[in-house]
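Student: Pasting the sequence and the predicted model now:
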Amino acid sequence: MLTTSQHPALKSSPFSPAHVAVNYDFRLPADQRRAGGDFCVCDRQSDGTLWSVLGDVSAKGKRGLVLARSLVAAFHLASVFARHPSTMLRQLNAAMLSFVTRHKYEEYFATALVCCFRPQEGYVEYASAGSEPPMIASRAGVWTQCLTGDIVLGVETDANYKDVIVPFGPGSTMVAFTDGVSESKVAPGRENEVGSVNVARAVDDSVLRFGSPTARKILAYVDALNAARYEDDATLFVASAVA
């Protein structure tokens, strides 16, 4: 079991926020046949923790919607018992493999970022299954792109995932997004992707103009870059520690 005292970056952390406030926003693709793959849900538990998952299923249309809903159902069940995000991802991977095998959807996979916010301890613990790297800022406003990279869901039966813990006290914010945001094309030529650099600029713009980032304001900035045209589902999630 990983505790706060076992992580050197957290030993001197005085953070004890009252709660974590979350919001998200999304955009549908211009081609409606490609809609249906993204999902974003949260569960608050009686011990004060907040669990979240942001994911993207490779299937689109009806199959994508069905697969996404099956993973959301598995998340709600697992969040009651899971101790760490890596455990949650292993359970989601098992659920994905079972579903695609039973329904002969073996060609599909899913990415997912699972976070467990522990406000009383002042940190967030997360694990990734091939998701876009989230960004985290402290009260000082310095944004850091976090590490991700473990295998996607639905490919290997014995997939393992690593937990990463980061201080998350009052004034801290996490921004996470699916690849539909970063891989949308910049207008008018649509030759280059928006990319994570422009997502980071969108976050900074939201902070400078409005005082704090929100999913709606960040995606509005991205809309200005890609003329509000997305090739895939695009979902963006923001979590902030509130004193």
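Tutor: Cool, the structure landed. Please read all numbers here as calculations on a predicted model, not as lab measurements.
Student: mind listing the helices for the chain?
Tutor: Taking DSSP state H as the criterion, the chain carries its helices at 61-81, 85-102, 179-182, 195-210, 215-226.
Student: Now tabulate those helices in a markdown table and tack on distance to residue 21, mean neighbour count and mean pLDDT.
Tutor: Every residue, glycine included, has its C-beta placed from N, CA and C. Shown next, in a markdown table, are the helices of the chain (distance: least, C-beta to C-beta, whole Å; neighbours: other C-beta atoms under 10 Å; pLDDT from 0 to 100):
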| stretch | distance to residue 21 | mean neighbour count | mean pLDDT |
| --- | --- | --- | --- |
| helix 61-81 | 18 | 17 | 91 |
| helix 85-102 | 20 | 20 | 93 |
| helix 179-182 | 21 | 23 | 94 |
| helix 195-210 | 15 | 16 | 86 |
| helix 215-226 | 12 | 19 | 94 |
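Student: Save those as JSON lines, and put in distance to residue 144 too.
Tutor: Shown next, in JSON lines, are the helices of the chain (distance: least, C-beta to C-beta, whole Å):
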{"stretch": "helix 61-81", "distance to residue 144": "26"}
{"stretch": "helix 85-102", "distance to residue 144": "18"}
{"stretch": "helix 179-182", "distance to residue 144": "17"}
{"stretch": "helix 195-210", "distance to residue 144": "10"}
{"stretch": "helix 215-226", "distance to residue 144": "17"}
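Student: Select, out of those helices, the one closest to residue 28.
Tutor: helix 179-182 (9.4 Å; C-beta to C-beta).
Student: Dump the C-alpha coordinates for that closest one into CSV.
Tutor: The C-alpha coordinates for helix 179-182 follow below in CSV (Å, rounded to 0.1, in the frame of the first residue of the first chain):
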residue,chain,number,x,y,z
ASP,A,179,-6.7,12.9,-28.4
GLY,A,180,-9.7,14.3,-30.2
VAL,A,181,-8.7,17.7,-28.7
SER,A,182,-4.9,17.6,-29.4
